[in-house]
Structures are given as C-alpha cells and as structure tokens.
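S.K.: Quick one: sequence and predicted model below, then my questions.
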Amino acid sequence: MFYLNLFKVNFRSNYEYKKNFYIQVVTMLLNNVFFLGYWIMFFDIFESDIFSLIDIFYVYSVVYVAFGLTQLIAGNLPNIATIIATGQLDIYLIKPRNSLLYMIMSKSSIVALGDIIYGLIALSVTLVKTSEYLFILLLYWLLLVVLVVTVIASYYIILGSLTFFIGNSKAITDTGTSALIMFATYPQVKLNPTMTLVLSTIIPSLIISIFPLQILRYSSSYYLLLLFIATAVFLLLSLVTYKQGLKRYESSNSINLNV
C-alpha cells in the first residue's frame, strides 16, 4: 500500500502541469510511431532472411511496454549511481522501508506512457495477424512483459550499484542501458557467436527481445525456460550486488529532505 501511494504521489506531481504532461507523452509517442511507420514502409529494403515485419512488432510490443513500465513505476533506476555517489542514499536508509525499492520508486517518469502506448500499438498490429489462441497469446505476452521488466530493472540496479565499488558509474549506466535499448530494438542484425554471448550476458538485449519473440511467435518452451532462468539470475545478481555494495557505503551525513 505504501508503494502504491508513493506511485500516486509521483503521478500527481507529474500531472500537475497538464500541458507539459501531454506534450511530453505525445512527443514521445510520435517519435516512436515514426519508427513504426519506418519499418512498415522500408522493411523490404533490408531483405532480412531472419525476421519478418510481424516479428519486429512482436519484439517492440514487449520491449517498449516493458521499458515504459520500468520508468513509470521505478523512475529512479537511471539515477541509482548518482544517488549513491552524492550521498543521497542516506534519505532512503533511514526510512523503515526496503531502501532499494523505496529509492527506485521515489520517482516516476510519466513520459514513459508514450513508450507504453507505442508498445500496445505494436501489439495490436500483431493481434490483427492472429486469429487463433488469442487469449493464450495475451496471457503469454503479459507474463513476458513482467519478466522483461524484471530483467531491465535488475540490469539498472547492477550498473548503478557498481558505484559502491568503482566510484560514480553514471556513465556506465547510461552507456549500458543505451546499448540495451539499441540492440534490443534492432533484431534484424546477424550476430556472430561472440556478439551473441555478449548480448545474452553483459548486455541482455537478446534476453529481452529474441527470447520473447521465440516464445510468442513460435511457442518455444525452451526459450521460456531460458527466460525464467535469466530473469532469476539477473534479479539475484542485482540484489547481491546492491547488498554487498551497502557494506562499503559511507554516509555523507547530509540529509536532503527534498526527495
């Protein structure tokens, strides 16, 4: 209940300036829709023998909704490194709450609604092509979105928590998440074994894009199992990294009340 109320407060604070709110959401949506039109008009030019146009929409439906939900619910994920490096973590440690969960949920990015709407549009395109087992497909899709949200959030936490060990890792977080988005949303590229390994571990782009595609498009139980395992591994690794990092954290003794 506490975290639900926290989300409501964040949402209302963003919605206070209604015009700015709508402008940001619509701008983000239009920017994304441009790429949707881009794929529709120019996909044949790429002559991909790996992915069809509908495959791209399957990937986008999961990836964009998952990224949007991550930023909407836990908008402080990109700021973990800065919060730790500047001593603002003190604010969350003194509260009788889970410091990690409280920290990441203390901010909400309403602009992410544009990504969510865009992902739902991409999903609608795929549903037009689906005549059978629609209900089962939607259940699978919802499950996959939850798993991908968990992987993305865990990845942010791991990168941000590196600050405990190597100093401010904001640059690493920005670079890593940008690479995650870039590779996840361009699945038509042929990859060699080395890049496949990198994009399945260090940058889990294939985990959040190709794994869901194989599950939704081809009903692959093998990839579903792999996705569950990958999600558990990233979640566990993120929690361990954060908790171990806390042992090295030195309080700044400066409490900023303007959370």
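M.R.: It's in.

S.K.: Can you report phi and psi for S109?
M.R.: Note on S109: backbone dihedrals following degrees, to the nearest 10 are phi -100, psi 100.

S.K.: pLDDT at it, what is it?
M.R.: Note on S109: pLDDT of 84.

S.K.: and A171, how many neighbours?
M.R.: By other C-beta atoms under 10 Å, the residues close to A171 number 10. Bear in mind the C-beta positions are built from the backbone N, C-alpha and C, glycine included.

S.K.: secondary structure element for it?
M.R.: helix 170-184 (DSSP states H and E).

S.K.: Which elements pack onto that helix?
M.R.: helix 53-73, helix 80-85, helix 134-161, helix 205-218 (3 or more C-beta pairs under 8 Å, 6 or more residues apart in numbering; DSSP states H and E).

S.K.: L100: which of the ones you listed is closest?
M.R.: helix 134-161 (7.1 Å; C-beta to C-beta).

S.K.: now the helices and strands packed on helix 170-184 in CSV, with mean neighbour count?
M.R.: Shown next, in CSV, are these (neighbours: other C-beta atoms under 10 Å):
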stretch, mean neighbour count
helix 53-73, 24
helix 80-85, 21
helix 134-161, 20
helix 205-218, 23
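
S.K.: Let's have those in TSV, adding distance to F234.
M.R.: As requested, the helices and strands packed on helix 170-184 are exported to TSV (distance: least, C-beta to C-beta, whole Å):
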stretch	distance to F234
helix 53-73	13
helix 80-85	15
helix 134-161	4
helix 205-218	8
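
S.K.: Determine which of the ones you listed approaches L226 most closely.
M.R.: Ranking those by their distance to L226 (criterion: C-beta to C-beta) puts helix 205-218 first, at 6.1 Å.

S.K.: okay, the angle between the closest one and helix 53-73?
M.R.: 130 degrees (axes from the mean of the first three to the mean of the last three C-alpha atoms, to 10 degrees).

S.K.: average pLDDT for the following helix or strand past helix 205-218?
M.R.: With elements assigned by DSSP H and E, the helix or strand that comes after helix 205-218 is helix 221-246. The average pLDDT for helix 221-246 rounds to 97.

S.K.: what do you get for stretch 190-208?
M.R.: On average, stretch 190-208 scores 90.

S.K.: residues making contact with it?
M.R.: In this structure, residues lying in contact with stretch 190-208 by C-beta atoms under 8 Å, 6 or more residues apart in numbering are 50, 62-63, 66, 148, 151-152, 155, 176, 179-180, 182-184, 226-227, 230, 234.

S.K.: Stretch 141-159 now?
M.R.: So stretch 141-159 is contacted by 61-63, 65-67, 69-70, 74, 77-78, 80-81, 100, 104, 123, 169, 172-173, 176-177, 180, 204, 207-208, 212, 215-216, 227-228, 230-231, 234-235, 237-239, 241-242 (C-beta under 8 Å, 6+ apart).

S.K.: The same query, at a cut-off of 6 Å, please.
M.R.: 62, 65-66, 69-70, 77, 172-173, 176, 204, 207-208, 212, 227, 231, 234-235, 238, 241-242 (C-beta atoms under 6 Å, 6 or more residues apart in numbering).
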